[in-house]
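Asker: 3D, please:
(3 chains)
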Amino acid sequence: MLATLINYLDYLSVGIKATILVFAVSLLFGLCISFLVGLIRFARIPILYQICFLYVGIFRGTSLLIQLFWIYFSLPMFGISISSFAAGCLGLALNNGAYGSEIVRGALSSVSKQQFEAATALNFSVGHTLRRIILPQALPEMIPPFGNLSIMLLKDTALVSMINIADITFRAQQLRTRTFDSLGVYAVTLVVYFVLALAIVAAVRLVEHYIRPEKRRTGFLSALIGDQQS
Amino acid sequence: MIGNLDLDTTTTTTFLQGLIPLLLTGLMVTIAAAMLGYVIALILGLVLAVLRRLPYAIVTWPIAIFVEFVRDTPLLIQLFFLYYVLPRYGIVLPAFITGAAAIGVQYSTYTSEVFRAGIDAVARGQWEAAKALNLSMSRTYGVIVIPQAIPRVIPALGNLLVGILKETPILSTISVLEMLNVATIVGDRTYQYSLPLTLAAGLMLVTTSFFALIVRLLEQRLPKTGIHLQ
Amino acid sequence: MSIIRFENVSKSFGTLKVLDGFNFTVNKGEKVTLIGPSGSGKSTVLRILMTLEPFQEGRISLNGTSYHLPGGKGPFKAPPKHLKQIRSNVGMVFQQFNLFPHMTALRNIVEGPVSVLKLDKAEAESRALDLLTLVGLKDKVKSYPGQLSGGQQQRVAIARALAMRPKVLLFDEPTSALDPELVGEVLNVIRSLAHEHDLTMLMVTHEMRFAREISDRICMFDKGVIIEEGPPDGMFLKPQHARTQSFLRAVLDPDAAGGPALQSVDSSA
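Answerer: The predicted structure follows:
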């Protein structure tokens, strides 16, 4: 029994690489979009603000699957041919970026107005205030929500199997049609995703450990496992 | 349901005339599935939240592990799991029900967190006053704590409803004829993907905005201290 | 005859031991006030009696029946039946009132009698109306706590506790959270309770003059121990213990008690 499961794992491993790749690329671009859009919306730069507002509204108000299908099936009609990998990453990045921008905006807004006032009273420039006062206080606030968002992204990558990217889910479907062992195949698949998710959780805890020195009460290893108090 | 697919694509208008009714039918299915899934998520989530407050580790630990596992793995795989595995054990359900159940279970992990936070936010003094009056546990929960927790959880629960709506297209993978499935089928038959998909996205946007508005209204009309009891 | 007895009770919050081998007796109908600095354990005594806090060692007797209630962790240490029985004899008025904000004043008072004492709704409501009249709030029957002042809320809270017909009524700093001008109305209610009923009352308060007026006995707490106790006149006019003396001096006349002023930088050696 164990041998079969390991065989399944082996078969899925090609997909694991694809999933991780899609995840990483989408995450990277998604984060860039999040910060860019988040900052624009926070600073309320005139025309860009409206554009970002529309962007966020559309990508948060519609389904990821619809967005992916639209990019994959519709864009070619406008003459833009795009590989499924690119379509998948693009869709994921845009979707993720929209949610992420809200996190950035929220964290920036949560730094109390009094910090601005203190900086103004000390005659800091706006850029200076943002860089040295606001952002350093906002960044630690962003880590837990971005951690959750990353896990959401991992789960969303499963959808790219629907536009023919050979990720874990795609391979799992193939495996199922071959072996008819739905229970075994999907059980292994779930465990694989779960392990990946735990890896993300661990990574986020590490990041938090380093970015929040004042919360550093325990050593590296406990931070990884995560104590109940923090 | 998708009987007559002889869509007249000669002009946009004729296309739309055939397309819109079809999409609206799909929208009904979408909303119905979302509602069912939401109700499951609410009930199951409340049960989980209350159970997790029990002082018995035998109960809280398995629940915690289950919640974490379901929350960190893709809905798509969970959906496939239920759809393909349940029949093996003699449980044959229509795809619509299986789909709504999968969504309900996945989202119950989120609603349980929301309920937990809401219950925790009820001031400790309320529990103590109930204890001093010798109220039973079920009375304390039912009449004192939960009515006060409700206003606090409405915004988050509202967001989850919108989230579930956006999640329903995933049911197209198990052949449920919701909106995205209809749009894709039309696209497959007519080779015109843009219009159906854009329209589907637009309808989704309108629906989610509508429900978001209802939630906002509910938020405003509920007294902040809790559901008033006569 | 004693209605409350603490025998050798010990209570810790984590590593902090608040009560150690604590002994205490209250007689039926007695009005006892506990005074002392914060953290000295007086509120803890009340909360233990109200079963809001578990304790680690000792025994508590209520109304002649004694309960070994170590409490501690987990639900099996203290039999729920015992807890319920204690709670049916004891009532509490909280510093923060703790009224149920989503219920009217009437409903707040009626909730316990209907669901616990299994009273018929009409009877419970008429009783509640009497109690509201007693505390001077008959016209606030349909008001929600949010519409009432602090003093009014606390008076409703007192009515709510009385509705359960407790034999012992505990007051945990009942006026400490009130604006000064609202304190009087609450004290009036407590005063009339003290004079007209033979309710056993146990109170923690900083209102010294009031305590002196209505108490049969004052207990001075320090670090979890009653260092001095006796009838009010004796305690206030001739406190024996040095700690009592300094405490009373600080509480009754804050300015005279003095304290360090700002030091000038030069004078430090």
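
Asker: so residue B:118 touches residue B:155, yeah?
Answerer: No. Residue B:118 is beyond contact range of residue B:155, at 10.4 Å (criterion: C-beta atoms under 8 Å). All C-beta spots, glycine's among them, are computed from the backbone N, C-alpha and C.

Asker: Looking only at stretch B:104-117, what residues are buried by neighbour count?
Answerer: Neighbour counts over stretch B:104-117 (16 or more other C-beta atoms under 10 Å in any protein chain shown) mark B:104-116 as buried.

Asker: Near chain A, which residues of chain B? Just list them.
Answerer: Applying C-beta under 8 Å from any C-beta of the partner chain, we find that chain B lies next to chain A at B:69, B:71-78, B:80-81, B:84-85, B:88, B:166-170, B:172-173, B:180, B:183-184, B:187, B:192-194, B:197-198, B:200-201, B:204-205, B:208-209.

Asker: who's in contact with residue A:31?
Answerer: By C-beta atoms under 8 Å, 6 or more residues apart in numbering or on different chains, residue A:31 lies in contact with A:97, A:100, A:146.

Asker: tell me which of the buried residues of stretch B:104-117 is nearest to chain C?
Answerer: residue B:115 (17.1 Å; C-beta to the nearest C-beta).

Asker: Stretch C:136-144 and chain B, are they touching?
Answerer: Yes. Applying C-beta under 8 Å from any C-beta, one finds stretch C:136-144 touching chain B at residue C:144.

Asker: Could you work out the end-to-end span of that stretch for me?
Answerer: Between the opening and closing residues of stretch C:136-144 there is a gap of 16 Å (C-alpha to C-alpha, to the nearest Å).

Asker: Identify the residues contacting that stretch?
Answerer: B:225, B:228, C:101-106, C:129, C:132, C:148, C:152, C:155-156, C:159, C:185, C:189.

Asker: Any buried residues in that stretch, and which?
Answerer: C:137, C:140, C:141, C:143, C:144.

Asker: Over to stretch B:188-207?
Answerer: For stretch B:188-207, by 16+ other C-beta under 10 Å, it's B:190, B:192-193, B:195-197, B:199-201, B:203-205, B:207.

Asker: Then stretch C:222-242?
Answerer: Under 16+ other C-beta under 10 Å, the buried positions of stretch C:222-242 are C:222, C:224, C:225, C:226, C:227, C:228, C:229, C:232, C:235, C:236, C:239.

Asker: now swap in stretch A:31-48 and tell me
Answerer: A:31, A:33, A:34, A:35, A:37, A:38, A:39, A:40, A:41, A:42.

Asker: Output the below-cut-off pLDDT ranges for the chain.
Answerer: Answering for chain A, as no chain was given. A:112, A:213-230 (pLDDT under 70).

Asker: I was thinking of chain B, sorry if that wasn't clear
Answerer: B:1-10, B:230.

Asker: Can you name the residue of it nearest to chain C?
Answerer: Closest point on chain B to chain C, by C-beta to the nearest C-beta, is residue B:226, at 3.1 Å.

Asker: Isn't that residue up against residue C:102?
Answerer: Yes. Using C-beta under 8 Å, residue B:226 is in contact with residue C:102, at 3.1 Å.

Asker: what touches both of those two?
Answerer: With C-beta under 8 Å, 6+ apart, residue B:226 and residue C:102 have common neighbours B:147, B:148.

Asker: So among the residues of chain B next to chain A, which ones count as buried?
Answerer: Burial by neighbour count, 16+ other C-beta under 10 Å: within these this picks out B:69, B:71-78, B:80-81, B:84-85, B:166-170, B:172-173, B:180, B:183-184, B:187, B:192-193, B:197, B:200-201, B:204-205, B:208.

Asker: Now do the contacts for residue C:190.
Answerer: Residues in contact with residue C:190 (C-beta under 8 Å, 6+ apart) are C:158, C:171, C:174, C:201, C:203, C:210, C:214.

Asker: Extract the C-alpha trace of the host helix or strand of it and format it as PDB.
Answerer: Assigned by DSSP states H and E, residue C:190 belongs to helix C:180-196. Provided in PDB are the C-alpha atoms of helix C:180-196 (Å, rounded to 0.1, in the frame of the first residue of the first chain):
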ATOM      1  CA  PRO C 180     -18.300  61.000  41.400                       C
ATOM      2  CA  GLU C 181     -21.700  62.600  41.200                       C
ATOM      3  CA  LEU C 182     -23.400  59.300  40.500                       C
ATOM      4  CA  VAL C 183     -21.800  57.500  43.400                       C
ATOM      5  CA  GLY C 184     -24.400  58.700  45.900                       C
ATOM      6  CA  GLU C 185     -27.400  57.200  44.200                       C
ATOM      7  CA  VAL C 186     -25.900  53.800  44.200                       C
ATOM      8  CA  LEU C 187     -24.700  54.100  47.800                       C
ATOM      9  CA  ASN C 188     -28.200  55.000  48.800                       C
ATOM     10  CA  VAL C 189     -29.600  51.800  47.400                       C
ATOM     11  CA  ILE C 190     -26.900  49.800  49.100                       C
ATOM     12  CA  ARG C 191     -27.500  51.600  52.400                       C
ATOM     13  CA  SER C 192     -31.200  50.800  52.300                       C
ATOM     14  CA  LEU C 193     -30.400  47.200  51.600                       C
ATOM     15  CA  ALA C 194     -28.200  47.100  54.600                       C
ATOM     16  CA  HIS C 195     -30.700  48.700  56.900                       C
ATOM     17  CA  GLU C 196     -33.900  47.000  55.900                       C
END
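
Asker: so where do the helices sit in chain C?
Answerer: C:42-49, C:80-89, C:105-115, C:121-134, C:150-162, C:180-196, C:208-214, C:232-237, C:242-252, C:254-257 (DSSP state H).

Asker: Out of those, which gets nearest to residue B:29?
Answerer: Among these, helix C:105-115 comes nearest to residue B:29, with 44.0 Å by C-beta to C-beta.

Asker: That closest one and chain B in contact?
Answerer: Yes. Helix C:105-115 is in contact with chain B by C-beta under 8 Å from any C-beta, via C:107, C:111, C:112, C:115.

Asker: Restrict that helix to CA atoms and write it as PDB.
Answerer: The C-alpha trace of helix C:105-115 is given here as PDB (Å, rounded to 0.1, in the frame of the first residue of the first chain):
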ATOM      1  CA  ALA C 105     -33.500  46.600  32.100                       C
ATOM      2  CA  LEU C 106     -36.600  44.500  32.700                       C
ATOM      3  CA  ARG C 107     -35.300  41.600  30.700                       C
ATOM      4  CA  ASN C 108     -31.900  41.800  32.400                       C
ATOM      5  CA  ILE C 109     -33.700  41.300  35.800                       C
ATOM      6  CA  VAL C 110     -36.100  38.700  34.500                       C
ATOM      7  CA  GLU C 111     -33.600  36.400  32.700                       C
ATOM      8  CA  GLY C 112     -32.200  34.700  35.800                       C
ATOM      9  CA  PRO C 113     -35.600  34.000  37.500                       C
ATOM     10  CA  VAL C 114     -37.200  32.700  34.400                       C
ATOM     11  CA  SER C 115     -34.500  30.400  33.100                       C
END
